[in-house]
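In: model this:
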Amino acid sequence: MAKKAAKERAAALKSDTDKLLKLSVELKQSVDKSDENVLSLDVIKKAEEIEKLARSVKEKMKGPN
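Out: Take a look at the predicted model:
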């Protein structure tokens, strides 16, 4: 049972880190396209999504307590 949970957690971590990488690349591209004085709402939303996902990854890495 514990091994199954560990495998599921590892799979979820891999999936989340893949999403995190994808979002980070998209954020970088959006920032590069942005004007130096204005950030788009899309950039802000992506940054918030990255922050939320990063917290989720951190919690999953800690494992069950």
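In: Excluding covalently adjacent residues, which one is nearest to the residue nearest the centre of the chain?
Out: By Cα atoms, centre = their mean, the mean C-alpha position of the chain lies nearest to L20, the distance being 3.1 Å. Closest residue in space to L20, ignoring its immediate chain neighbours: L53 at 5.2 Å, by Cβ to Cβ, 6 or more residues apart in numbering. C-beta coordinates here come from the backbone N, C-alpha and C atoms, glycine included.
In: Tell me if I'm right that that neighbour and K19 touch.
Out: Yes. Shown here, L53 and K19 form a contact pair, counting by Cβ atoms under 8 Å, at 6.1 Å.
In: Could you point out which residue ranges in this protein have low pLDDT?
Out: 65 (pLDDT under 70).
In: got a list of what V31 touches?
Out: Applying Cβ atoms under 8 Å, 6 or more residues apart in numbering to V31 gives the contacts 39, 43.
In: What about K28, how many residues nearby?
Out: When counting by other Cβ atoms under 10 Å, one arrives at 11 neighbours for K28.
In: Can you tell me how far it is from A2?
Out: Distance from K28 to A2, counting by Cβ to Cβ, to the nearest Å: 38 Å.
In: same thing with L23?
Out: From L23 over to A2 the distance is 31 Å, taken as Cβ to Cβ.
In: Please apply the same query to A10.
Out: From A10 over to A2 (counting by Cβ to Cβ), the distance is 12 Å.
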